[in-house]
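> pasting the sequence and the predicted coordinates here, then a few questions.
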Amino acid sequence: MTALLEGRSAIVTGAGRGIGRAIAEALAAEGASVIVADVGASISGDGGDPEPAHEVAKAIDEKQGGKKAMAFTESVASPGIAKQLVDIAVRNFGGIDIVVNNAAILRDAFVFRADPRDWDAVIRNNLSAAFYLINAASAVMRDQGKSGRGGAGGYDWGRIVNIVSSAGLYGNLGQAAYASAKAGLFGLTRVTAMDLQRANITANAVAPFAKTRVTDIIQPANEAQKTYKERALKIGAHHVANLVTSLCSPAGKAITGQLLGVRGREVFLFSQPRPVGKLDVTTPETMAEDLIGKLGGQFTDMTTDLEAFNTEPLV
Ligand SMILES: NC(=O)c1ccc[n+]([C@@H]2O[C@H](COP(=O)([O-])OP(=O)(O)OC[C@H]3O[C@@H](n4cnc5c(N)ncnc54)[C@H](O)[C@@H]3O)[C@@H](O)[C@H]2O)c1
């Protein structure tokens, strides 16, 4: 049986460990050549260590029995570096077909205590970096369409997957920067899907749940968080990798602009914000009362993402 992604070239950011590693390994197992892009930073984005990216690239090559993977160890949070990364894929693998924006950092603090410098770092790292890479890679993907990559049937290989978070959809205490970056990444996914639809390039967002060093260090603040952590630690990252691989597969070409979640063997399709109620405009004096009276039953509750997904996982 032919591998699903034979002949394709992929970049996975943050692939030196955790969910990114599982995704890079799964794409390579289906025949893709993969750039393992990881600066080797701490959870908060400090420091740098080339070792994890090199180790993952080596492990992929050993497993796949050939030169399928390359390590890239610069931070992807700059437009120039994103362009370099795409150039490396084109030079070494003949093009770029799959981009997975998975790298992220966390600098949590209550909104009334947060340091604006941490906000800037998180937005640059978790949102702007994804834009830089999509910007650089999608231009090349479109040209590949014109130059015949993908075969006689035309180019329908382009796949962009942005790893978001339920924190950006529901919100979570103390995660202003992280949740805002992830919500922004979902907005970027929608527009990317629209801008690239005519070029047969898909873009989807995936909210994952998996045991990684990030779930390992959760300090439960209450019983609900303690149970959440115990449950999260049972979920392997390979489930996320399976979904991403399937979105990148030939059949995945019919899926674009979607927001999916994956938690063990459960895959969720999320709704996207649309009006759920309507009020004929009244005056400022009465509008709040009218909103409560007529639409209050449909107000969104204040459930955090940890509460919303605090159920026993299917693993
Ligand atoms: N683990 C979960 O349950 C969970 C839940 C929701 C969302 N996510 C998302 O999944 C993704 C992966 O999370 P994880 O738990 O595997 O994280 P992780 O911290 O284990 O790994 C992230 C990797 O990204 C790398 N990285 C960070 N910034 C980088 C940069 N600028 N350039 C290159 N590499 C960079 C880090 O060095 C690290 O190796 C993230 O986007 C995260 O927000 C994870």
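Okay, I see it.
> can we go C-alpha only for contacts and neighbour counts from here?
Will do.
> who in this protein is up against the ligand?
The chain comes close to the ligand at residues 13-14, 16-20, 37-41, 43, 45, 75-77, 102-105, 125, 163-165, 207-215, as judged by CA under 6 Å from any ligand atom.
> cutoff 5 Å now
14, 16, 18-19, 38-41, 43, 75-77, 102-104, 165, 208-210, 212-214 (CA under 5 Å from any ligand atom).
> now do the longest helix anywhere in the chain: everything it contacts.
Taking DSSP state H as the criterion, the chain has its longest helix at helix 176-196. The contact list for helix 176-196, computed with CA atoms under 8 Å, 6 or more residues apart in numbering, reads 105-111, 118-119, 122-123, 126-127, 130-131, 138, 162, 164-165, 167-169, 171-172, 201-205, 256-259.
> which of the residues you listed are buried?
105-109, 118-119, 122-123, 126-127, 130-131, 138, 162, 164-165, 167-169, 171-172, 201-205, 256-259 (16 or more other CA atoms under 10 Å).
> just want the most central residue of the protein.
residue 163 (1.0 Å; CA atoms, centre = their mean).
> my read is that that one contacts residue 208, right?
Yes: contact criterion CA atoms under 8 Å: residue 163 and residue 208 qualify, at 7.2 Å.
> please, which helix or strand holds the closest residue to residue 252 other than its chain neighbours?
In this structure, residue 252 finds its nearest non-sequential neighbour in residue 246, 6.2 Å apart by CA to CA, 6 or more residues apart in numbering. Under the criterion of DSSP states H and E, residue 246 resides in helix 238-248.
> buried stuff in the helix or strand immediately after that helix in the chain?
Next helix or strand after helix 238-248 toward the C-terminus (DSSP H and E): strand 259-263. In terms of neighbour count (16+ other CA under 10 Å), strand 259-263 has its buried residues at 259-263.
> and the angle for strand 259-263 with helix 238-248?
Angle, strand 259-263 to helix 238-248, by axes from the mean of the first three to the mean of the last three CA atoms, to 10 degrees: 150 degrees.
> helices of the stretch 201-315 of the chain, residue ranges please.
Under the criterion DSSP state H, counting those that start in this stretch, the stretch 201-315 of the chain carries helices at the ranges 213-216, 223-232, 238-248, 284-290, 305-308.
> which residues are contacting the third one?
This means helix 238-248. Against helix 238-248 from outside (CA under 8 Å, 6+ apart): 5, 19, 22-24, 26-27, 98, 157, 159, 161, 206, 208-210, 252-253, 255, 262-265, 267.
> list only buried entries from those.
Buried among the contacts of helix 238-248 (16+ other CA under 10 Å): 5, 19, 22-24, 26-27, 98, 157, 159, 161, 206, 208-210, 252-253, 262-265, 267.
> rewinding a little: identify each buried residue in the helix holding residue 246, please.
So, applying 16+ other CA under 10 Å, buried residues of helix 238-248: 238-248.
> now do stretch 189-198
189-190, 192-194, 196.
> circling back: tell me which of the buried ones among the contacts of helix 176-196 fall in strands.
Under the assignment DSSP state E, the buried ones among the contacts of helix 176-196 contribute 162, 202-205, 259 to strands.
> check the gap between the closest residue in space to residue 149 that isn't next to it in sequence and residue 140 for me.
In space, residue 149 comes closest to residue 155 once its chain neighbours are excluded; the distance is 6.1 Å by CA to CA, 6+ apart. Here the criterion is CA to CA, to the nearest Å. By it, residue 155 lies 12 Å from residue 140.
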